[in-house]
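Visitor: Sequence unavailable; structure follows:
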């Protein structure tokens, strides 16, 4: 169910494409997956991440709770989880003559539609606006942001506001530093099965 892979780049092949795999494992999540796929492409271009490849999965509270319990030790549903790709890899491999650069994975973002619907209802916001916020938060985690310390949390919140508000996003660009690694097998499984064994970051 949901939306499949989409790529957008320079028609002449000079500029590496943005590749987003957006799909839903939620019975009512097909429209949300399409919306998030389009938003992810827009956000990645705004962040200067041409050549990036990202997977976005829409699930329910039960599925995201299982992931949160298994890989973060928190036995509760959450809004969004991020599973970074290998740290230290460049966004795009060098292009060969006459060929576009190969996409490089940033990682996977898993979003709970159930949580988004409840939060949007409480806040009087459209569900799409809530999903946009979760997506921005998840993408920033993939790019190296975190909120373990208060100062980092404020910095990440400002970057998230800038991205969702579609204003200046320079503060949201990747920062150097180590990130939690996840294996290629783990990342592939996260895209293919909700209960896959992956390591992630969330709220």
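Guide: Received it, and whenever you're ready, just let me know what you need. Everything numeric in this text was worked out from a predicted model, so none of it was measured. Numbers count the residues shown, from 1 in each chain.

Visitor: pLDDT weak spots in the chain?
Guide: 1-16, 86-102, 147-149, 152-153, 166-203 (pLDDT under 70).

Visitor: which residues of this protein fall in strands?
Guide: 5-8, 18-24, 52-59, 80-84, 104-112, 201-202 (DSSP state E).

Visitor: Identify whichever of those lies nearest to residue 37.
Guide: The closest of the strands of the chain to residue 37 is strand 18-24. By Cβ to Cβ, the value is 3.1 Å. Backbone N, C-alpha and C define where each C-beta goes, glycine included.

Visitor: Could you pull out the helices in this protein for me?
Guide: For the chain, the helices defined by DSSP state H cover 30-46, 61-72, 113-123, 127-142, 150-164, 184-192.

Visitor: Residue 131 is nearest to which of the strands of the chain?
Guide: Of all the strands of the chain, strand 104-112 comes closest under Cβ to Cβ, at 6.5 Å.

Visitor: List the strands paired with that closest one, with their directions.
Guide: If you go by DSSP bridges, strand 104-112 pairs up with strand 52-59 (parallel), strand 80-84 (antiparallel).

Visitor: Same list, those, but as a markdown table with mean neighbour count and distance to residue 123 please.
Guide: What follows is these, written out as a markdown table (neighbours: other Cβ atoms under 10 Å; distance: least, Cβ to Cβ, whole Å):
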| stretch | mean neighbour count | distance to residue 123 |
| --- | --- | --- |
| strand 52-59 | 27 | 19 |
| strand 80-84 | 26 | 16 |
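
Visitor: ok, back up a step: JSON lines please, covering the strands of the chain and showing distance to residue 138.
Guide: Output for the strands of the chain, formatted as JSON lines (distance: least, Cβ to Cβ, whole Å):
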{"stretch": "strand 5-8", "distance to residue 138": "18"}
{"stretch": "strand 18-24", "distance to residue 138": "12"}
{"stretch": "strand 52-59", "distance to residue 138": "8"}
{"stretch": "strand 80-84", "distance to residue 138": "5"}
{"stretch": "strand 104-112", "distance to residue 138": "4"}
{"stretch": "strand 201-202", "distance to residue 138": "8"}
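
Visitor: hang on, the earlier thing: nearest to residue 66, of the strands paired with strand 104-112?
Guide: strand 52-59 (9.3 Å).

Visitor: ok and the closest one relative to strand 18-24, angle-wise?
Guide: 10 degrees (axes from the mean of the first three to the mean of the last three Cα atoms, to 10 degrees).

Visitor: My guess is residue 141 contacts residue 82. True?
Guide: Yes. Contact criterion Cβ atoms under 8 Å: residue 141 and residue 82 qualify, at 3.6 Å.

Visitor: thinking again about what came up before, please identify the most buried of the helices of the chain.
Guide: With neighbours defined as mean count of other Cβ atoms under 10 Å, those peak in mean count at helix 127-142, which reaches a mean of 23.

Visitor: List the contacts of that helix.
Guide: Here helix 127-142 makes contact (Cβ atoms under 8 Å, 6 or more residues apart in numbering) with 32, 35-36, 39-40, 43-44, 47, 54, 56, 79-82, 84-85, 106-107, 109-113, 116-117, 119-120, 123, 156, 159-160, 163-164, 172, 201-203.

Visitor: All good on my end, thank you.
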